[in-house]
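Build me a model:
(one chain, ligands or ions: 1)
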Amino acid sequence: MIWFYGLSLLIIAIDQITKWLVTVLMDVGEQVPVVDSFLYLTSHRNEGAAWGILQGQMTFFYIITVIIVAFLIYYLHTQGKENKATGVALALLLAGAIGNFIDRLFRKEVVDFVDMYIGSYNYPIFNVADASLTIGVILFLIATLMEEKKQKEAK
Ligand SMILES: CCC[C@@H]1OC(=O)[C@@H](C)C[C@H](C)CCCCC(=O)CCC[C@@H](CC)/C=C/C=C(\COC)CC[C@@H](O)[C@@H](O)C[C@H](O)CNC1=O
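Numbering: from 1, shown residues only. Sure thing, here's the model as predicted:
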């Protein structure tokens, strides 16, 4: 159980350290190639959610994040115990939500820096918290489907 919170804290720490490094080492808009025409580090700020939707709606973001975090903690204490995979997924989601919440609270914007080009498509610039959220969503769906399959077979 405690492991899940440890995993969340570790990811939050990585998220906050990487964001802090980007703010001190790079100017906004500066781009550093990591893998040419695929992966760049671009210092970016976003006052909205994914794809820059809802710019500046901080109050909305605070409310929805508190609801998401409350739900995740409740679910962690009920489902997390039985199913390890679900627990890890919830821990990833918790870390991502809190990571961006810290930015919204103290910076009033989110620091993004992972700039990927998939073919000619330039994927929106994101951060460790976003990656944790996205992987958490995918892992949660897989864990839930696996759980259902197991229960069907058990019958
Ligand atoms: C990852 C969720 C976005 C994250 O939500 C959060 O913080 C949560 C905890 C709070 C939000 C206020 C509520 C969720 C809104 C729903 C949403 O948005 C649907 C998204 C689907 C998602 C599949 C899960 C796609 C993925 C996109 C991106 C991430 O790709 C890895 C692009 C990220 C870039 O646009 C970057 O500028 C975003 C910036 O960092 C702020 N981040 C957020 O708002």
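
hey, let's count contacts and neighbours off CA atoms from now on
Fine.

mean confidence for stretch 14-26?
Confidence for stretch 14-26, expressed as mean pLDDT, is 98.

for it, the distance to its chain's centre please.
Here stretch 14-26 shows a centroid-to-chain-centroid distance of 15 Å under the convention Cα atoms, centre = their mean, to the nearest Å.

Make 37 the starting number, not 1.
In the new count, where the first residue is 37, that last one comes out as stretch 50-62.

Could you see whether the ligand lies near it?
No - no part of stretch 50-62 sits close enough to the ligand to count as contact by Cα under 6 Å from any ligand atom; the gap is at least 10.5 Å.

Using PDB, write out every CA atom in that stretch.
Output of stretch 50-62 as PDB, limited to C-alpha atoms (Å, rounded to 0.1, in the frame of the first residue of the first chain):
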ATOM      1  CA  ILE A  50      11.200  13.800 -10.900                       C
ATOM      2  CA  ASP A  51       8.500  15.900 -12.500                       C
ATOM      3  CA  GLN A  52       9.200  18.900 -10.300                       C
ATOM      4  CA  ILE A  53      13.000  18.600 -10.700                       C
ATOM      5  CA  THR A  54      12.800  18.400 -14.500                       C
ATOM      6  CA  LYS A  55      10.500  21.400 -14.600                       C
ATOM      7  CA  TRP A  56      12.700  23.400 -12.300                       C
ATOM      8  CA  LEU A  57      15.800  22.600 -14.400                       C
ATOM      9  CA  VAL A  58      14.000  23.700 -17.600                       C
ATOM     10  CA  THR A  59      13.000  27.000 -15.900                       C
ATOM     11  CA  VAL A  60      16.600  27.700 -14.700                       C
ATOM     12  CA  LEU A  61      18.500  26.400 -17.700                       C
ATOM     13  CA  MET A  62      16.400  27.400 -20.600                       C
END
